[in-house]
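In: predicted model follows, preceded by the sequence.
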Amino acid sequence: MIYANPAPADFASGQFYTLAGAEYYLDRSKLESDYAPVRFQRELRFFRKYCASGSVLDVGCSTGGFLYQLDKQNPGAYNILGMDASGPALDYAESRGVPVVRGDFLSHDFGEARFDAITFWAVLEHLLEPKAFLQKAAQLLKPDGVCLVLVPNMRSLAARMLKRRYRYIYPQHLNYFTRTTLELLVRDEFSLLEQRSMHFNPVIIWQDFRSGGREVSNRERAELLKRTTGYKQNSMLKPLRFGYRVAESLLGKLNLADNLAFAVRKIESPSVAKTQV
């Protein structure tokens, strides 16, 4: 696995996300995009395939956009809970009606609470100890519980073309995954249900190619997210979106789309399985 060594202290401890990270997470353009109905379409379809109802913990929930849409689009089906290292982001999530718990995931005591599903959307790449997070997630899942993971794909078309110029190779990312390394990371605690590659943003490829690797500011990231969200909602671009979906589907089949998404199921220990029988 590719990882940062040494890991910047503020990112490794999570302090960045409580302090400087708020500038990005609470940017108006990003908030508008995070709460747009089209924002988490792929993640929601992927999630619903493996968890039709039940209790859900979203680790690294940020401002709560995924849980908000999950609850809004499926009223009464889920008992949702978000967790994050960023206090300001959680404040906003609560203001939108998303229940949250504050603190460090690894040290937090969840008591007797157990979940039907735990999600890590674009989270593991930020963690100093991704393996430990997955181990705790397995402990918190109910029997047959599922975990949904999404990370940037280091074998994507964008990463292959741009190399060090790719904007997602930057200090906040402590780990970089391929399909093989992610499979190795989850296999001790989980059985693999499905692996897919999804998302494709040609605008990023074009911008990063032209910029020659210039650092992209948080404001620019938020503005691009708002722009691409707008493209998805613009009815006049429907013909172009069809071509885009074809391209994304092809890249996904070749494992070259921007992100890797895994659905995995908790492996029960032999002693637990014997007790249940």
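Out: Ah, there it is.

In: contacts and neighbour counts: CA atoms only from here.
Out: Noted.

In: strands of the protein, residue ranges please.
Out: 2-3, 54-59, 78-84, 100-102, 115-121, 141-152, 175-176, 190-198, 259-266 (DSSP state E).

In: show me what counts as buried in stretch 88-100.
Out: Within stretch 88-100, the residues scored as buried using 16 or more other C-alpha atoms under 10 Å are Pro88, Ala89, Leu90, Asp91, Tyr92, Ala93, Val98, Pro99, Val100.

In: so what's the fourth one closest to, chain neighbours aside?
Out: This means Asp91. Thr63 (7.7 Å; C-alpha to C-alpha, 6 or more residues apart in numbering).

In: now do the third one
Out: The shortest distance from Leu90 to any residue that is not its chain neighbour, by C-alpha to C-alpha, 6+ apart, is 5.7 Å, and that residue is Thr63.

In: so who does that neighbour touch?
Out: Tyr25, Leu26, Leu31, Asp34, Ala89, Leu90, Asp91, Tyr92, Ala93 (C-alpha atoms under 8 Å, 6 or more residues apart in numbering).

In: hang on, the earlier thing: next one: the residue nearest to Asp91 from Lys163, what distance?
Out: As judged by C-alpha to C-alpha, to the nearest Å, Thr63 and Lys163 stand 30 Å apart.

In: beta partners of the spatially most central residue of the chain?
Out: Centroid-nearest residue in the chain: Trp121, 1.5 Å away (criterion: C-alpha atoms, centre = their mean). Bridge pairing for Trp121 (DSSP bridges) gives the partners Leu150.

In: do I have it right that it meets Gly60?
Out: Yes. Between Trp121 and Gly60 a contact is recorded at 7.3 Å, counting by C-alpha atoms under 8 Å.

In: which residues do those two both contact?
Out: If you check Trp121 and Gly60 against C-alpha under 8 Å, 6+ apart, no residue is contacted by both.

In: tabulate the strands of the chain (TSV), appending mean pLDDT.
Out: Below are the strands of the chain laid out as TSV (pLDDT from 0 to 100):
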stretch	mean pLDDT
strand 2-3	85
strand 54-59	98
strand 78-84	97
strand 100-102	95
strand 115-121	98
strand 141-152	97
strand 175-176	96
strand 190-198	97
strand 259-266	97
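
In: out of everything not next to it in sequence, what's closest to Gly252?
Out: Using C-alpha to C-alpha, 6+ apart, the closest residue to Gly252 is Ser197 (4.6 Å).

In: list the contacts for that neighbour?
Out: Contacts for Ser197 (C-alpha under 8 Å, 6+ apart) come out as Asn153, Leu251, Gly252, Lys253, Asn255, Leu256, Ala257, Asp258, Asn259, Leu260, Ala261.

In: also Ala12?
Out: Contact partners of Ala12, counting by C-alpha under 8 Å, 6+ apart, are His126, Leu127, Leu128, Leu174.

In: next one: Pro88
Out: Counting by C-alpha under 8 Å, 6+ apart, Pro88 makes contact with Thr18, Ala22, Leu26.

In: now do Leu134
Out: Leu134 neighbours (C-alpha under 8 Å, 6+ apart): Val186, Glu189.

In: how about the contacts of Pro88 in TSV, adding pLDDT?
Out: Formatted as TSV, the contacts of Pro88 follow (pLDDT from 0 to 100):
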residue	pLDDT
Thr18	77
Ala22	75
Leu26	88
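
In: mark which of those residues are part of helices, please.
Out: Thr18, Ala22 (DSSP state H).

In: Arg102 - how many residues pack around it?
Out: For Arg102, the neighbour count with other C-alpha atoms under 10 Å is 14.

In: relative to Leu157, how far out is it?
Out: 37 Å.

In: surely Leu193 is in contact with Ala261?
Out: No. Leu193 lies out of contact with Ala261 (C-alpha under 8 Å); the separation is 10.9 Å.
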